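Asks: Following is a predicted model, sequence given first.
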Amino acid sequence: MSSRRISPAEFEACVEEALSSVPASFRKYLDNVVVAVEDEPTDDDYEESDTPDEEELFGIFRGVPFFDRSSMVTALPAQIAIFRGPILRCCATRGEAVREIRDTVVHEVGHMLGLEDEEMPY
């Protein structure tokens, strides 16, 4: 089955499943983080993530990393966005898409915890 046949509802369910697979020791930091599925990244997302225009962007963390936040929360909650279009365009099969969704969720949780790309645990 082609990854393009994953419906929006199925895609969201895969994101939820990926979030539930994040170890509890890390998941506890997601209490004040909105995780959203969006169809496509914006120009600002590309600029913020330093992703070249010719590359696909699968997800982004928007906000202040958890350990850099002050004790007083005055801003909007942080957000992790997972981009459906780029993931489905780059994955040939449903299995590849499910793995990429999980990897992207874990990657963005890493950014939320303040890790840089080269510090990710995979």
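Replies: Yep, it's here.

Asks: which residues of the chain fall in strands?
Replies: All strands of the chain, identified by DSSP state E, fall at 33-38, 59-62, 78-83.

Asks: If you count neighbours, what's buried in the first one?
Replies: Buried positions in strand 33-38, judged by neighbour count with 16 or more other CB atoms under 10 Å: 33, 35, 37. Any C-beta I mention is one placed from the backbone N, CA and C, and that applies to glycine too.

Asks: and which of these is nearest to Glu119?
Replies: Nearest to Glu119 among these, counting by CB to CB, is Val33 at 19.0 Å.

Asks: any idea how far the closest one lies from Ile87?
Replies: Noted for Val33: a distance of 20 Å to Ile87, by CB to CB, to the nearest Å.

Asks: follow-up on the earlier one: for Met120, which of the strands of the chain is the nearest?
Replies: Smallest distance to Met120 across those (CB to CB): 12.2 Å, for strand 59-62.

Asks: partner strands of the closest one, parallel or antiparallel?
Replies: Strand 59-62 pairs in its sheet with strand 78-83 (antiparallel), by DSSP bridges.

Asks: averaged over its residues, what pLDDT does the partner strand have?
Replies: The predicted model gives strand 78-83 an average pLDDT of 95.

Asks: Centre of the chain to that strand, how far?
Replies: In terms of CA atoms, centre = their mean, to the nearest Å, the centre of strand 78-83 is found 5 Å from the chain centre.

Asks: buried set for that strand?
Replies: Neighbour-count burial for strand 78-83 flags 78-83 (criterion: 16+ other CB under 10 Å).

Asks: and it with strand 33-38, angle?
Replies: 20 degrees (axes from the mean of the first three to the mean of the last three CA atoms, to 10 degrees).

Asks: Please export the alpha-carbon coordinates of strand 78-83; PDB is fine.
Replies: Extracted in PDB, the C-alpha atoms of strand 78-83 (Å, rounded to 0.1, in the frame of the first residue of the first chain):
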ATOM      1  CA  ALA A  78       5.400  25.300  22.800                       C
ATOM      2  CA  GLN A  79       4.400  23.400  19.700                       C
ATOM      3  CA  ILE A  80       5.600  20.400  17.700                       C
ATOM      4  CA  ALA A  81       4.300  20.300  14.100                       C
ATOM      5  CA  ILE A  82       4.500  17.200  12.000                       C
ATOM      6  CA  PHE A  83       4.100  17.800   8.300                       C
END
